[in-house]
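Chemist: for reference, the sequence and a predicted model appear below.
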Amino acid sequence: MLIGMPTDVLWVYWGSARWWSAEPLVIGPVVGLAALWWLGRRRLIERGPSELEQASVSRWRGVAFLVGLAIILLALESPIDYFSQLLFWTHMVQHLLLLVVAAPLIVAGSPWLAIWEAIPESLRSSAISTWHRPGFGATVGRCYSLVRSPAGTFAIFATVVWGWHLPYTYDLTLANGVVHDCEHLSFIVFGVAFWLQIFDSPPFERVLTEGRSVIYLIGAMGVNVVLSAALGLSQHPWYAPYAVLSAAQRPGGVSALWDQQFGAGIMWTLGDLPFSFTIGRCVLKWLEPEAPSKVPVGSAL
């Protein structure tokens, strides 16, 4: 789906194996997580899950988790990844898929208990022993507290979004594959931490109430809007790897400035949709009347 290119040519990009990747460092972890989740879910079902573990075997949560993993593969292994090196707007689509599509789906999928169940007992015991080592558990605990804190997570979210889009760091991701992989991983990991503030994902409970979630999400939209406005209103390209390409090298023959402004428009509109939908959901739940409590028979006598 490239602007200014015929539909039949576009189909060639998606239908030809040339434009698809098969990066083991991406496919391996994604397939591994799916396999662990599937194995752990089967074990939970066979033994009869507890009330807390019910979410790990819920069908709709399983679908959400698997779709979230599929979105990661779509973003990182499809022609989207290839053309992100040539087109800024395609790169923005990739970022949004990881941060505001895949991450909330993984949180909604609540795969944590099933994955833990699938890990061999020896490795789980070793992990627990390591946690209880003097100093280690406290350090990890402080990091966990920071990530579970709404203020801490919001600060990390804003830093990740803005930090990776500064000209120096952005240009570095296009020049260095390892740095680029770190960028993608940070979007997924801190995207999950961000959405865990708002959604229940057993054994993790949401931190924010509906009202505070609305404020939190409006703030996140502000982070996105400020960045996209700065990019869209700029009169010159921010990123050298795109600016040095000629119109003939850039798919669709668009200019670097047009490409940047179009990408900013995608960030400003499509990038805010998940936040807007979630705000609507929170407001509706916030306004729901509370169910009347049941009064035991005879208590009014």
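Modeler: All right, it came through fine.

Chemist: could you measure Val67 against Leu97, distance?
Modeler: Val67 sits at a distance of 12 Å from Leu97 (criterion: C-beta to C-beta, to the nearest Å). Every residue, glycine included, has its C-beta placed from N, CA and C.

Chemist: what about the two, which has more around it?
Modeler: The neighbour count for Val67 versus Leu97, taken as other C-beta atoms under 10 Å, is higher for Leu97 (19 against 16).

Chemist: tell me the buried residues in the host helix or strand of Asp171?
Modeler: Assessed by DSSP states H and E, Asp171 sits inside helix 167-175. Using 16 or more other C-beta atoms under 10 Å as the burial criterion, the residues of helix 167-175 that qualify are 170-171, 173-174.

Chemist: so which bits of the strand or helix carrying Ser56 are buried?
Modeler: If you go by DSSP H and E, Ser56 is part of helix 54-57. Buried residues in helix 54-57, counting neighbours by 16+ other C-beta under 10 Å, are found at 55-57.

Chemist: got the residues you listed as a markdown table, with distance to Ile106 and pLDDT columns?
Modeler: Supplementary listing: the buried residues of helix 54-57 in a markdown table, determined by distance: C-beta to C-beta, whole Å; pLDDT from 0 to 100:
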| residue | distance to Ile106 | pLDDT |
| --- | --- | --- |
| Ala55 | 13 | 82 |
| Ser56 | 13 | 82 |
| Val57 | 17 | 84 |
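
Chemist: now do the next helix-or-strand element following the helix holding Ser56: which elements does it pack against?
Modeler: Next in sequence after helix 54-57, counting helices and strands by DSSP H and E, comes helix 59-77. Using 3 or more C-beta pairs under 8 Å, 6 or more residues apart in numbering; DSSP states H and E, the elements in contact with helix 59-77 are helix 24-47, helix 88-96, helix 103-109, helix 177-196.

Chemist: please name whichever of the ones you listed is nearest to Pro274.
Modeler: Closest of the helices and strands packed on helix 59-77 to Pro274 is helix 103-109, at 6.4 Å (criterion: C-beta to C-beta).

Chemist: run through who's touching the closest one.
Modeler: 61-69, 71, 187-188, 191-192, 194-196, 199, 201, 274, 278 (C-beta atoms under 8 Å, 6 or more residues apart in numbering).
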